[in-house]
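> pasting a predicted model and its sequence here:
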Amino acid sequence: MAATPENPASAAPRRKVSRHRGEGQWAAGHFTPLNGNEQFKKDDDGLNVRTRIETIYSKRGFDSIDPNDLRGRMRWWGLYTQRKPGIDGGKTAILEPEELDDKYFMLRVRIDGGRLTTDQLRVIGEISQEFARGTADLTDRQNVQYHWIRIEDVPEIWNRLEAVGLSTTEACGDTPRTILGSPVAGIAEDEIIDGTSAIDEIHRLYIGTKEFSNLPRKFKTAISGSPLLDVAHEINDIAFVGVNHPEHGPGFDLWVGGGLSTNPKIGVRLGAWVPLDEVPDVWAGVIGIFRDYGYRRLRTRARLKFLVADWGQEKFRQVLEDEYLKRKLVDGPAPAQPVQRWRDHVGVHRQQDGLFYVGFAPRVGRVDGTTLTKIAELAQAHGSGRLRTTVEQKMIVLDVAEDRIDSLVEGLEALGLTAKPSPFRRGTMACTGIEYCKLAIVETKQRGITLIDELERRIPEFDEPITININGCPNACARIQVADIGLKGQLVLDDKGEQVEGFQVHLGGALGLEASFGRKVRGLKVTSEELPDYVERVLTRFQQEREDGERFAAWATRASEESLS
């Protein structure tokens, strides 16, 4: 007997049908918030929290802060709660947010293009000393990060930063983050094109406005006209890379959909050439696609890289041209392979105008307010009013006369900084780690400093470019997958079977036009205490087994597991 509404008992068993909600894409009409983050953004734009910080929270104190502001909207102004001291890494994924939260904040200063004046750096240093217990780390996104910030002090910090043209606007949150730029834009002798005006125009038109203040997740931008490919364009959501078009001249090659974290993807070339004056429009088109078509259902899939992977290069470019730009883009060439392995601009280099810039290296980006203030004074005393930060946690003094170089370098050395670093000091980066970060599992900054010192002592003759990136958790803020030696923090078992801090090892990652992710050797993990021994052992084997001119990444790809263990 056939099933009928009048005879349901005779019907075949029904499958439970759930309503398909899609991926939360606004362009598909899915405006109903599908998770807590989307709900609090719909309830109130993150930019609006500044008024509450200034008028309520800074006056009534930490306990007055609404939870959706505390762990959500305050990020739109560069504020994250930092980790409560004394909580070990084994509890990172177990405790509730309020149990991990300290009553202090990390505050990120937005420095688009890494451009600073000596007056700005002096103010950054003074704020560090007065409000942040001296903390001020250089990040791999050209920012400065403070810790120990009290909510009561935030309005005054904003006033001081904004008085010299700096801000914390959208330095965090589901927003267009700090725009990376070549730290030698406008001055390098080998520059293809200067992207500074495009960075400024994007900032003027879009940063701090509500057009793009509610994105599915963060959006990272890189713009550089340097042939050294010096802004890690391969792992940004959008990147404009300097190229020379055979007919149209200097412009930018357009890349989209790069990113790391737990699902790393190398950006995709759209094959389009973009002239300098069109960069802001194209940027707005790409971020518009992300806002409208980006996946908002699951935070783990809410980055542009997932949409690009699903659509592919051809469809993404077509949607960009047809729906957002209303015009076709010009086809263009890919960038050339860089001629140098190092692209951090460390050392002494001649500028276009005959002056010089001097790049120098702290250890793993760790500086302090007093040091930054002294750097500003030192630069100014040697004729410079400009400095730059880099995407490798380094800093550059610009506009130095030739006869002042030696004196400047000596002054930097006296501050514990060097323009002639060892490969280990030059190539080692570390994220914030368990000292302050609520996501971290292990300590990173001091571990990196100790590693540098040990390697310099043990193998002083090693002179090959090498990158060692140390991350406190799987999220890859320190770019572990694209380092020669990438170290992902986790808890491991030592020889006694006890759980201790350690790292999973990635080997042979690289950026550049041969970008690749590091190789993981099955079961290869090292404890934090064993780390210097392990890295020394691997680098010694590399020296013994490498072919003429072979880079570490190439050797690590072909080396036996025994050589890598």
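Good, I have the coordinates.

> helices of the stretch 301-450 of the chain, start to end?
Using DSSP state H, counting those that start in this stretch, the helices of the stretch 301-450 of the chain run over residues 304-311, 313-319, 369-381, 405-414, 423-427, 445-458.

> could you export stretch 213-225 as CSV, CA atoms only?
What follows is stretch 213-225 as a C-alpha-only set of coordinates in CSV (Å, rounded to 0.1, in the frame of the first residue of the first chain):
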residue,chain,number,x,y,z
SER,A,213,34.2,46.7,10.2
ASN,A,214,32.2,43.4,10.2
LEU,A,215,34.1,40.8,8.3
PRO,A,216,33.8,37.0,8.7
ARG,A,217,37.2,37.1,10.4
LYS,A,218,40.5,39.1,10.1
PHE,A,219,41.7,40.3,6.8
LYS,A,220,45.5,40.7,6.2
THR,A,221,47.0,42.9,3.5
ALA,A,222,50.5,43.3,2.1
ILE,A,223,51.7,45.8,-0.5
SER,A,224,55.3,45.9,-1.6
GLY,A,225,57.2,47.0,-4.7
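
> what about it, distance to the chain center?
Chain-centre distance of stretch 213-225: 11 Å, with C-alpha atoms, centre = their mean, to the nearest Å.

> and if you look at stretch 137-154?
A distance of 14 Å separates the centroid of the chain from that of stretch 137-154, by C-alpha atoms, centre = their mean.

> and stretch 358-366, by the same measure?
Its chain's C-alpha centre and that of stretch 358-366 lie 17 Å apart, by C-alpha atoms, centre = their mean.

> and T527, which of the helices of the stretch 301-450 of the chain is closest to it?
Ranking the helices of the stretch 301-450 of the chain by distance to T527, with C-beta to C-beta as the measure, places helix 445-458 first at 10.9 Å. Where C-beta positions appear, they are placed from N, C-alpha and C, glycine not excepted.

> which neighbouring elements make contact with that closest one?
If you count contacts as 3 or more C-beta pairs under 8 Å, 6 or more residues apart in numbering; DSSP states H and E, helix 445-458 packs onto helix 423-427, strand 428-430, strand 468-471, helix 531-545.

> okay, now G354: neighbour count?
By the measure other C-beta atoms under 10 Å, the count of residues near G354 is 9.

> same check on T371?
Other residues within reach of T371, judged by other C-beta under 10 Å, total 18.

> isn't it right up against G125?
Yes - T371 lies in contact with G125 (C-beta atoms under 8 Å); the separation is 7.5 Å.

> M106 in helix, strand or coil?
State at M106, reduced to three classes by DSSP: H, G, I helix; E, B strand; the rest coil: strand.

> what sits against it?
79-82, 145-147, 149, 432, 436 (C-beta atoms under 8 Å, 6 or more residues apart in numbering).

> and which of those is nearest to L412?
Relative to L412, the closest of these is Q145; by C-beta to C-beta it sits at 21.6 Å.

> that's a strand at that closest one, yeah?
Yes - assessed with three-state DSSP, Q145 lies in a strand.

> show me what it bridges to in the sheet.
Judged by DSSP bridges, the bridge partners of Q145 are R108, D137.

> distance of it from G86?
Summarising the geometry, the distance separating Q145 from G86, computed by C-beta to C-beta, to the nearest Å, is 21 Å.

> again, but for H30
43 Å.

> can you get me a residue count around the spatially closest residue to S128 that is not a sequence neighbour?
With C-beta to C-beta, 6 or more residues apart in numbering as the measure, G369 is the residue that lies nearest to S128, at 2.6 Å, once sequence neighbours are left out. Close neighbours of G369, defined as other C-beta under 10 Å, add up to 22.

> swap in R457?
Under the criterion other C-beta under 10 Å, the count of neighbours that R457 has is 10.

> kindly report the same for the one 5 residues further on.
Residues contacting F462 under the criterion other C-beta under 10 Å number 17.

> helix or strand: which one has it?
Taking DSSP states H and E as the definition, one finds F462 inside no helix or strand.

> wait, it touches I468, no?
No - if you go by C-beta under 8 Å, F462 and I468 don't touch, sitting 11.8 Å apart.

> right, and the residue nearest to S128 touches F131 too?
No - if you go by C-beta under 8 Å, G369 and F131 don't touch, sitting 9.2 Å apart.

> so what sits against both of F462 and I468?
Overlap between the neighbourhoods of F462 and I468 consists of F424, taking contacts as C-beta under 8 Å, 6+ apart.

> just to revisit the earlier point, now the helices of the stretch 301-450 of the chain in a markdown table, with distance to T209 and mean pLDDT?
What follows is those, written out as a markdown table (distance: least, C-beta to C-beta, whole Å; pLDDT from 0 to 100):
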| stretch | distance to T209 | mean pLDDT |
| --- | --- | --- |
| helix 304-311 | 19 | 98 |
| helix 313-319 | 23 | 98 |
| helix 369-381 | 30 | 98 |
| helix 405-414 | 39 | 98 |
| helix 423-427 | 38 | 97 |
| helix 445-458 | 35 | 98 |
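
> for S528, which of those is the nearest?
The nearest among these, by C-beta to C-beta, is helix 445-458 at 5.8 Å.

> could I have the closest one exported to CSV, CA atoms only?
Once non-C-alpha atoms are left out, helix 445-458 reads as follows in CSV (Å, rounded to 0.1, in the frame of the first residue of the first chain):
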residue,chain,number,x,y,z
LYS,A,445,60.4,34.4,23.8
GLN,A,446,63.0,33.4,26.4
ARG,A,447,63.3,30.0,24.7
GLY,A,448,64.2,31.7,21.5
ILE,A,449,66.7,34.1,23.2
THR,A,450,68.4,31.1,24.9
LEU,A,451,68.4,29.1,21.6
ILE,A,452,70.1,32.0,19.8
ASP,A,453,72.8,32.3,22.5
GLU,A,454,73.5,28.6,22.6
LEU,A,455,73.8,28.2,18.8
GLU,A,456,76.1,31.2,18.5
ARG,A,457,78.3,29.6,21.2
ARG,A,458,78.2,26.1,19.8
